[in-house]
Each structure stands twice: as C-alpha cells, then as structure tokens.
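In: dropping the sequence and predicted coords here.
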Amino acid sequence: MISVKVAILGATGQLGSDLVETFGEDAIPLTRRDLDVTDPESFKILNELEPEVIINTAAYVRVDDAEVEVEKAFQVNAIGALNVAKACNELNAINVYISTDYVFDGAKGELYEEDDVPNPINVYGMSKYAGEVFTRNYSKKYYIITDLPTSS
Ligand SMILES: NC(=O)c1ccc[n+]([C@@H]2O[C@H](COP(=O)([O-])OP(=O)(O)OC[C@H]3O[C@@H](n4cnc5c(N)ncnc54)[C@H](OP(=O)(O)O)[C@@H]3O)[C@@H](O)[C@H]2O)c1
C-alpha cells in the first residue's frame with residue numbers, strides 16, 4: 001500500500017481532528033502552536049517533516065465576530081492561505097484548502113455547482129473567498145473543497 005505524508009493544519013479543530021483520525025499513521029497533525037498560518041517563520045517546521053499533501057483546516061470561523069474582527073479574519077483565512085500556498089510550492093506538496101458555503105449568497109435557490117460564481121455577503125465569507133483566490137492563483141498543485149448550499 002502506498003503511504004502519503006499528509007500534514008493537517010488546525011489539527012485540534014472539528015475537521016482537523018477528524019482528518020487526523022481518518023489519515024491515521026499517514027497524518028502529521030499540526031496545531032496552531034506548531035504552525036501558525038499567519039506567521040511565515042513557523043512554516044520552517046515543514047522542511048523536516050516533508051509532507052506530500054497539506055490540508056489547511058486552520059481558520060477563523062466565528063462568523064458574527066468576523067464583522068468586527070475583520071483584520072483577524074482576513075489574516076488567518078486569506079493571508080494564511082497565501083502563506084500555505086507558498087509553503088506548498090516550496091515543498092512541491094499538494095495544497096488542500098477547505099472553504100465554506102458562505103462564499104455563496106444562497107440566492108440561487110437550488111443546488112450550487114462547482115462553476116457557480118461566489119458572491120459572499122459577509123466578512124467571514126469574503127475572507128474565505130479571498131483564501132480560495134490565493135490558493136488558486138498561487139498554488140502549483142491544489143484542491144479547494146467546500147460544502148455547497150442547496151437554497152437560501
Ligand atoms: N464547521 C462547519 O460547519 C464548516 C462548514 C463549512 C466549512 N468549514 C470550514 O472547515 C474548516 C475547519 O473548520 P472547523 O469547523 O474544523 O473549525 P474549528 O473547529 O474552529 O477549527 C479551526 C482550527 O484552526 C486553528 N487555527 C485558528 N487560527 C489558526 C492559525 N492562525 N494558525 C493555525 N491554526 C489556526 C484552530 O486552533 P485554535 O483552537 O488553537 O485556535 C482550530 O484548530 C474551516 O476552513 C471552515 O471554514 C467548516
């Protein structure tokens with residue numbers, strides 16, 4: 001069986017901890033203390049770990065607070081995603097960015113599809129969409145994964 005080293009950023013979070021369990025021995029769990037996505041220096045830890053895939057579940061997820069903590073939300077969700085993209089490129093690793101249905105406005109009224117154009121209507125959604133754009137435009141190899149809303 002092929003083994004792939006998968007670094008999971010935000011490993012203490014809801015999704016992060018599930019992924020650590022799912023990937024088992026292949027998982028390299030990294031908490032915020034190990035690697036803070038807003039701090040480019042802290043990515044040095046990846047040089048010795050040499051992951052082939054990096055799953056970025058690290059996020060600012062407090063939707064209501066984001067309306068007043070705009071900079072914090074963008075620092076983690078957008079600039080953090082840019083830092084992860086650059087680190088992945090240096091390591092030649094696949095970048096997996098976890099996005100959210102908040103990038104859509106929900107007005108479509110039916111199932112969203114991959115090609116639908118995002119239109120975030122709050123700071124949280126905008127910061128996550130900015131993270132998507134950084135991921136897409138800066139990563140050599142990437143996936144963007146999201147849950148899709150069905151209606152408004
Ligand atoms: N939960 C949902 O319903 C849902 C739905 C759609 C999409 N998503 C997306 O799924 C992803 C994970 O969400 P979640 O529900 O698992 O969130 P969560 O439980 O709040 O986990 C977020 C993780 O990110 C870490 N983190 C925060 N700031 C960080 C930083 N600067 N550097 C490194 N790590 C940092 C947190 O660590 P600390 O605890 O130490 O702060 C925590 O471990 C997010 O991108 C979110 O947008 C979630």
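Out: Okay, I see it.
In: residue 121 is in what secondary structure piece?
Out: Using DSSP states H and E, residue 121 maps to neither a helix nor a strand.
In: closest point of the protein to the ligand, which residue?
Out: residue 13 (2.1 Å; C-beta to the nearest ligand atom). Glycine gets a C-beta too; all of them are placed from N, C-alpha and C.
In: ok, the nearest residue to that residue once chain neighbours are set aside - contacts?
Out: In this structure, residue 13 finds its nearest non-sequential neighbour in residue 57, 5.5 Å apart by C-beta to C-beta, 6 or more residues apart in numbering. Applying C-beta atoms under 8 Å, 6 or more residues apart in numbering, we find residue 57 in contact with 8, 9, 10, 11, 13, 15, 16, 19, 98.
In: mind checking how far residue 57 is from residue 29?
Out: 11 Å (C-beta to C-beta, to the nearest Å).
In: quick one: name the residues of the chain near the ligand.
Out: Residues of the chain lying near the ligand by C-beta under 6 Å from any ligand atom: 9-10, 12-16, 32, 36-38, 57-59, 61, 76, 80, 98, 100, 128, 147.
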